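Peer 1: quick check, what structure comes out for this input:
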Amino acid sequence: MRRTLLIAIAAVAAVAALVAACGNGDPEPAPPKSAPAEYTQYVVESAIARYEDQGLDATLAHYNRAESIDGQWYVFIIDEGDLVIAHPDPGRLGLDVKGWVGTDVNGYEFGADMLSATEEGKWVSYVYQNPEHGGFSSGGFELKHVWVDRHDGMLFASGWYIDADAFTQQLVSIAVDKYRESGLEGTVAYFAGPGSAVAGLEAAVDYYNTAETVDGRWFAFIGDPGGKVVAHSDPSRIGQDVGEMLGAAIEADENGQWVATETRRVWVAGYDGFVFGSGWTQDN
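Peer 2: Numbering: from 1, shown residues only. Predicted coordinates:
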C-alpha cells in the first residue's frame, strides 16, 4: 500500500480552474464529481459563501456535523491562531495544525504548507484517512489533494482522495496533450510552472523522495525518437538511454502501457516518436 501511495504522491495532481462565486455570494452550480478538482473548489467556495451569508457560528455548526460529509469531501476550517475550528471529526477540533493533526502518517508535516495559503488559494497534498473508506479512525490511508483558501484570516479547505494508477496515467496523457499543443519546450515549461498538473505536490514530493520511511523514488520523463532522455524530474538522468533507465525495452504507442520490473512500475505512452512516462522505482 505504501508503494501505491508514494506513486500517487508525486505522479498525480489536478488541473483545474478556480470556481468563482456569483455576485450575490451564492456559488455557481456544482461541477460533476467526475471533475474532482473543480468540485473540490466548489465545495470550498460554498463554505465561504455560507460564512458570508450565515456568519461564523452557523457555519461552524454546519461543518462540525458528520452529516456535512459528502462522500470523500468534507470542509474543515482553521482560525487565525492555526487551530482547527470546524471538522466533522470532533477529535480534531481545537488542535493546532502545526502539531500532529498537520502531520501525515509517514511524517510529512503539511501544516506549514497549508498555513502559507493566501486569498488566491493553493493546493496541498498529503496522506490521510478517507472517511468514505472506513471513517476517520479506521479508514484506509490515501493520498489527499486539498484546496485551501484564506478568507477573513481563516483557512477554508476541502479535498479528495486520489487513485494512484488512474492519475499516473492521466499525468502522462496531459504531457502528450501538451506536446501536441506546444512541442517539447512548451511541455517542459508547462510542468515547471505553477499552473501545471503537479501544482501543490512539490513539497510532498520533496519530503517523500528524501524520507527515511520510504524505499524508492518517483520520477517522470520524456524520451526522444533516438531513445535518449531529454527531460526528467531528476536532471542528472537527461541523456541516458530510455531502455537502460527503465530496465526494459519499450515500444510505446498513444494508447499507453505499463512497464513493470522487479524494481519499477511505469506508465508510458508514445507520440510523434517521443516516449512520455511516469512511475516509481525502488532502486537507487
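Peer 1: any idea which strand is longest in the chain?
Peer 2: Longest among the strand segments of the chain by residue count, using DSSP state E, is strand 141-151.
Peer 1: how far off centre is it?
Peer 2: Offset of strand 141-151 from its chain centre (CA atoms, centre = their mean, to the nearest Å): 8 Å.
Peer 1: what's the mean pLDDT across the very next helix or strand once past it?
Peer 2: Going down the chain from strand 141-151, the next helix or strand is strand 154-161, by DSSP states H and E. Mean pLDDT, strand 154-161: 94.
Peer 1: quick one: strands adjacent to the longest strand of the chain?
Peer 2: strand 122-129 (antiparallel), strand 154-161 (antiparallel) (DSSP bridges).
Peer 1: give me the buried positions along the helix or strand where Gln169 lies.
Peer 2: Element membership of Gln169 [criterion: DSSP H and E] is helix 164-192. Neighbour-count burial for helix 164-192, counted by 16 or more other CB atoms under 10 Å, picks out 164, 167-176, 178-179, 187-188, 190-191. (Each C-beta comes from the backbone N, C-alpha and C, glycine too.)
Peer 1: by contact count, what packs against that helix?
Peer 2: For helix 164-192, the packing partners by 3 or more CB pairs under 8 Å, 6 or more residues apart in numbering; DSSP states H and E come out as helix 2-11, strand 217-223, strand 229-232, strand 264-271, strand 274-281.
Peer 1: would you mind writing the CA trace of the longest strand of the chain as PDB?
Peer 2: What follows is strand 141-151, C-alpha atoms only, in PDB (Å, rounded to 0.1, in the frame of the first residue of the first chain):
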ATOM      1  CA  PHE A 141      -4.700   6.000   4.300                       C
ATOM      2  CA  GLU A 142      -4.800   7.500   0.800                       C
ATOM      3  CA  LEU A 143      -3.200  10.500  -0.900                       C
ATOM      4  CA  LYS A 144      -5.400  13.600  -0.400                       C
ATOM      5  CA  HIS A 145      -5.300  16.600  -2.600                       C
ATOM      6  CA  VAL A 146      -6.700  19.700  -0.800                       C
ATOM      7  CA  TRP A 147      -7.700  23.200  -1.900                       C
ATOM      8  CA  VAL A 148      -7.000  25.800   0.800                       C
ATOM      9  CA  ASP A 149      -8.400  29.300   0.600                       C
ATOM     10  CA  ARG A 150      -7.800  32.100   3.100                       C
ATOM     11  CA  HIS A 151     -10.800  34.300   3.800                       C
END
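Peer 1: can you offset everything so residue one is 21?
Peer 2: I'll keep to 21 as the first residue from here, and by that count the last item is strand 161-171.
Peer 1: measure how it sits relative to helix 184-212, angle-wise.
Peer 2: On the basis of axes from the mean of the first three to the mean of the last three CA atoms, to 10 degrees, strand 161-171 is oriented at 40 degrees to helix 184-212.
Peer 1: rounded mean pLDDT for strand 161-171, please.
Peer 2: pLDDT averaged over strand 161-171 gives 90.
Peer 1: find the nearest non-adjacent residue to Asn275, please.
Peer 2: Nearest residue to Asn275 in three dimensions, chain neighbours excluded: Ala289, at 7.2 Å (CB to CB, 6 or more residues apart in numbering).
Peer 1: which residue is the nearest non-sequential neighbour of His107?
Peer 2: Among residues not flanking His107 along the chain, Phe96 sits closest, at 4.4 Å (CB to CB, 6+ apart).
Peer 1: relative to Ser145, how far out is Asp183?
Peer 2: According to CB to CB, to the nearest Å, Asp183 and Ser145 sit 14 Å apart.
Peer 1: these two - which one has more neighbours?
Peer 2: Between Asp183 and Ser145, counted using other CB atoms under 10 Å, the more crowded position is Ser145 (29 against 14).
Peer 1: hmm, that one is touching Val166, no?
Peer 2: Yes. Counting by CB atoms under 8 Å, Ser145 touches Val166, with 7.0 Å between them.
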